[in-house]
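*Asks:* the following block contains a protein sequence and its predicted model.
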Amino acid sequence: MAQAVKPATAPKRARLPSAGFFGWSIPRWLGFLALIVVCVMFILPLLWMISTSLKDSSDLMNPSWIPSRLAFENYIDAFSFGMWPQWTFNTVVITVFSVVAVVVSSSMVAYSFARLRWPGRDTVFSLVLATMMLPGVVTLIPQFVLFARLPAFGFQDSRVWTNTFLPLTIPSLAGGAFYIFLLRQSMRSIPMELSEAAKMDGATELRTWWSIIMPMTRPTLAAVAIFQFQGAWQDFMGPLLYLQSEHLYTLQLGLRQFEAAAGGAPAWNWLMAASLMVMLPVLIVFMLLQRNFVEGISLSGMGGR
Amino acid sequence: MTIARKEAITGWLFAAPWIVGFLLFTVGPMAFSLYASFTRYNIIAAPRWIGLDNYRNLFFNDPLFIKALENTFWMVLIRIPIVLLISLLLALLINNNYPGDKAFRTIVYLPNVLSGIAAIFLWQWILAPNGLLNTGLAALGIRGPAWFADPYWTKPGMVVMGLWWIGGNVLIYLSGLKGIPRELYDAAEIDGAVGMSRLRFITLPLLSPTIFFEVVTGIIAAFQIFTTAYILSGKDSPLGGPGQSMLFYVLYLYNRAFGKVGQGGFQMGYASAMAWVLFVIILVITLFQLWAARRWVYYESER
């Protein structure tokens, strides 16, 4: 790894193109080329996906990257399959609810751990950390049993929580352990004097949290929101367990139907078109907020230290 | 009411959403599932106590359970070292202050946000017997395997597709690398340490807490592989694809709990026993790692 180490001693200068961009050593050039090759390899699958989604069926086995004819109708076919608009709507409803719920409640709970003193606080917080290590499988079956018993009072025409959106949304109201941990970290870095000054002015804790602490932790809140968005939008196991009626399906389940509908060999061009449509919102959010993603995941690494 | 007492009540109230959720969605269910694991239970009729029968059957009368354990351990033992090594090399490569290193970071992380089944379909297509990867290999004169159609190549295929998602690991390594003080490298240079010895005596020891974190979380995740195996198994064979080569622990548990009745499904008691066995396996491995960490993980406080 000689090339990985040597240039690191002159980090400031290497950033300026004028100061020796072409004065790189051969290992440094090789490393740079390797990095470019790796990045191209990371992008290629997506390009292949776009290419396939625009091929017509007869063109499918042709290994060319450029479709012989741009078959945009694949997207229309995908969109008119099954109850695609309904599935999109369902996915949006579930995702929006769970993102808002998890952001507000995680922040509220984190506020309690970071800025309030109460007996048992540190014990409860260590329980929060412990649940981060708990494999989700352990609660999978009993939660199902529970949701099959909890009354839904006719919500979405169901007597119990199963086959409604409730199991996929309501648990978000409890917040997420990892999110609580992240938010607590960033709230602890805000000076306590700020809260005391607010209290002098007669602000309640609720108001201090909502109007002072929440806005000051916005970057972390954004990271929490996009992680939850990505997770909820692409959750497969939850909807698979809890949604049986087709009109309640999310896009992930719909996509599964799409594959099954093709019978034996999947129609890859339609499947790729449909898959791209499902991915698109996540891709757009990533493009817009990629800095928050990258910082969020770096923070998660700190969690282990 | 005193101020401290008021603050205590407010504190509990603010933490209440998590505490209630923890009791309702974690503690309660876990207690129930421990009880259910000693019963025969199909969710419709009341659970019937059968003592240790579920556990005994798991280990002595269920070849599929053993198969699922083998498949899962294969993934843990083969995939994690490969992923951790390649992502470390990639992180070291990116961490060189190249122009555009932020763009490299973003591109490498991009696939990580695409976790749904859309991405699994994409890789199923790339790894089809006459798919993109095999076409590429053929151009190099290599005859590619049938990947997900061949029981010997399903798990290697999953390892290959898993490499697309190493961006998260890379970013965590990068944040670890950023935490290594520059002065240490400068001091080492004065002592004449270059290249490999810098990696061996400075970078790796100071990165060991990060490596440790990645090993622990990686193992926990690998034991719970589900969606990929479920999708790749195809609709007709819920039991793990060709030769049951992708019958992983959680997939088998899913089959036992939620599969068709005739195929061993709706045995909630049996599946609960499986869940607890997995919990204990993960707990033992994690505790072992915490113990072993004292020998190889370098913590700054020891300095």
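*Replies:* Good, I have the coordinates.
*Asks:* residue contacts, residue 55?
*Replies:* Picked chain A for this. Neighbour list for A:Lys55: A:62, A:67-68, A:71, A:74, A:269 [criterion: CB atoms under 8 Å, 6 or more residues apart in numbering or on different chains]. (C-beta placed from N, C-alpha, C; glycine too.)
*Asks:* you looked at the wrong chain, it should be chain B
*Replies:* Residues in contact with B:Tyr55, defined by CB under 8 Å, 6+ apart, are B:37, B:273, B:277.
*Asks:* which among those residues gets closest to B:Ala118?
*Replies:* The closest of the contacts of B:Tyr55 to B:Ala118 turns out to be B:Val277 (CB to CB; 32.6 Å).
*Asks:* name the helix or strand for the closest one, please.
*Replies:* Under the assignment given by DSSP states H and E, the secondary-structure element containing B:Val277 is helix B:268-296.
*Asks:* hmm, that helix touching chain A?
*Replies:* Yes - on the criterion CB under 8 Å from any CB of the partner chain, helix B:268-296 is in touch with chain A at B:268, B:271-272, B:275-276, B:278-279, B:282, B:286.
*Asks:* residue ranges with poor pLDDT in chain A?
*Replies:* For chain A, residues meeting the criterion pLDDT under 70 lie at A:1-22, A:261-265, A:298-305.
*Asks:* ok and the residue in it nearest chain B?
*Replies:* With CB to the nearest CB as the measure, the residue in chain A that lies nearest chain B is A:Ala174; the distance is 2.2 Å.
*Asks:* quick one: the helices in the stretch 51-200 of chain A, in order.
*Replies:* Counting by DSSP state H, counting those that start in this stretch, the stretch 51-200 of chain A has helices at residues A:73-79, A:84-115, A:121-132, A:137-147, A:166-169, A:177-188, A:192-200.
*Asks:* kindly report the residues of the stretch 201-303 of chain B close to chain A.
*Replies:* Going by CB under 8 Å from any CB, the residues of the stretch 201-303 of chain B near chain A are B:203, B:209-210, B:212-214, B:216-217, B:220, B:223-224, B:226-227, B:230-231, B:235, B:250, B:253, B:257-258, B:268, B:271-272, B:275-276, B:278-279, B:282, B:286.
*Asks:* redo that, cut-off 7 Å
*Replies:* By the criterion of CB under 7 Å from any CB of the partner chain, the positions of the stretch 201-303 of chain B lying close to chain A are B:209-210, B:213, B:220, B:223-224, B:226-227, B:235, B:250, B:253, B:257-258, B:268, B:271-272, B:275, B:278-279, B:282, B:286.
*Asks:* quick one, which of the residues you listed are buried?
*Replies:* Among these, those buried by neighbour count (16 or more other CB atoms under 10 Å in any protein chain shown) are B:209-210, B:213, B:220, B:223-224, B:226-227, B:250, B:253, B:257-258, B:268, B:271-272, B:275, B:278-279, B:282, B:286.
*Asks:* middle-most residue in the chain, spatially?
*Replies:* This is for chain A. A:Gln230 (2.2 Å; CA atoms, centre = their mean).
*Asks:* nope, chain B
*Replies:* By CA atoms, centre = their mean, the mean C-alpha position of chain B lies nearest to B:Ala221, the distance being 1.8 Å.
*Asks:* quick check on it: phi, psi?
*Replies:* phi -70, psi -40 (degrees, to the nearest 10).
*Asks:* could you do A:Leu243 as well?
*Replies:* Recorded main-chain torsions at A:Leu243 are phi -110, psi 120, according to degrees, to the nearest 10.
*Asks:* quick one: low-confidence ranges for the stretch 151-300 of chain B?
*Replies:* Judged against pLDDT under 70, the low-scoring parts of the stretch 151-300 of chain B cover residues B:235-238, B:262, B:300.
*Asks:* where does chain B get nearest to chain A, which residue?
*Replies:* Closest point on chain B to chain A, by CB to the nearest CB, is B:Gly21, at 2.2 Å.
*Asks:* and the stretch 51-200 of chain A, which of its residues are near chain B?
*Replies:* Within the stretch 51-200 of chain A, the positions adjacent to chain B are A:52, A:61, A:63, A:105, A:108-109, A:111-113, A:116-119, A:121, A:124, A:127-128, A:131, A:133, A:135-143, A:145-146, A:148, A:171, A:173-175, A:180 by CB under 7 Å from any CB.
*Asks:* residues near the closest residue to A:Arg69 other than its chain neighbours, how many?
*Replies:* Of all residues not flanking A:Arg69 in the chain, A:Asp56 sits nearest, at 6.0 Å (CB to CB, 6 or more residues apart in numbering or on different chains). Using other CB atoms under 10 Å in any protein chain shown, A:Asp56 has 14 other residues around it.
*Asks:* quick check: A:Asp56 touching A:Leu70?
*Replies:* No - counting by CB atoms under 7 Å, A:Asp56 stays clear of A:Leu70, with 9.0 Å between them.
*Asks:* quick one: contacts of stretch A:169-179?
*Replies:* Where contact means CB atoms under 7 Å, 6 or more residues apart in numbering or on different chains, the residues beyond stretch A:169-179 that reach it are A:94, A:97-98, A:101-102, A:105-106, A:109, A:128, A:131-132, A:224, B:17-18, B:20-22, B:25.
*Asks:* again with stretch A:91-102
*Replies:* Stretch A:91-102 is contacted by residues A:165, A:168-169, A:172-173, A:175-176, A:179, A:224-225, A:228-229, A:232-233, A:250-251 when judged by CB under 7 Å, 6+ apart.
*Asks:* where along the stretch 101-250 of chain B do the helices fall?
*Replies:* Counting by DSSP H, counting those that start in this stretch, the stretch 101-250 of chain B has helices at residues B:101-109, B:117-126, B:132-139, B:154-162, B:167-178, B:182-190, B:195-198, B:204-222, B:227-232, B:249-258.
*Asks:* got these as JSON lines, with distance to A:Asn292 columns?
*Replies:* Conversion of the helices of the stretch 101-250 of chain B to JSON lines gives the following (distance: least, CB to CB, whole Å):
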{"stretch": "helix B:101-109", "distance to A:Asn292": "12"}
{"stretch": "helix B:117-126", "distance to A:Asn292": "21"}
{"stretch": "helix B:132-139", "distance to A:Asn292": "32"}
{"stretch": "helix B:154-162", "distance to A:Asn292": "25"}
{"stretch": "helix B:167-178", "distance to A:Asn292": "13"}
{"stretch": "helix B:182-190", "distance to A:Asn292": "27"}
{"stretch": "helix B:195-198", "distance to A:Asn292": "33"}
{"stretch": "helix B:204-222", "distance to A:Asn292": "21"}
{"stretch": "helix B:227-232", "distance to A:Asn292": "25"}
{"stretch": "helix B:249-258", "distance to A:Asn292": "30"}
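*Asks:* out of the ones you listed, nearest to A:Phe81?
*Replies:* Ranked by CB to CB, the member of the helices of the stretch 101-250 of chain B that lies closest to A:Phe81 is helix B:117-126, at 14.2 Å.
*Asks:* report whether that closest one contacts chain A.
*Replies:* Yes - Helix B:117-126 reaches chain A (CB under 7 Å from any CB) through B:117-118, B:121-122, B:125-126.
*Asks:* report whether stretch A:260-277 contacts chain B.
*Replies:* Yes - Stretch A:260-277 comes into contact with chain B when judged by CB under 7 Å from any CB, the residues involved being A:260, A:268, A:271-272, A:275.
*Asks:* so which of the residues you listed are in helices?
*Replies:* Among those, the subset assigned to helices under DSSP state H consists of A:260, A:268, A:271-272, A:275.
*Asks:* of the contacts of stretch A:169-179, grab the buried ones for PyMOL.
*Replies:* To isolate the buried ones among the contacts of stretch A:169-179 in PyMOL, judged by 16+ other CB under 10 Å, type:
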select buried, (chain A and resi 94+97+98+101+102+105+106+109+128+131+224) or (chain B and resi 17+18+21+22+25)
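*Asks:* got a list of contacts for stretch B:273-290?
*Replies:* Residues lying outside stretch B:273-290 but in contact with it, judged by CB under 7 Å, 6+ apart, are A:133, A:135, A:137-138, A:140-141, B:33-34, B:37, B:54-55, B:58, B:215-216, B:219-220, B:223, B:249, B:253, B:256.
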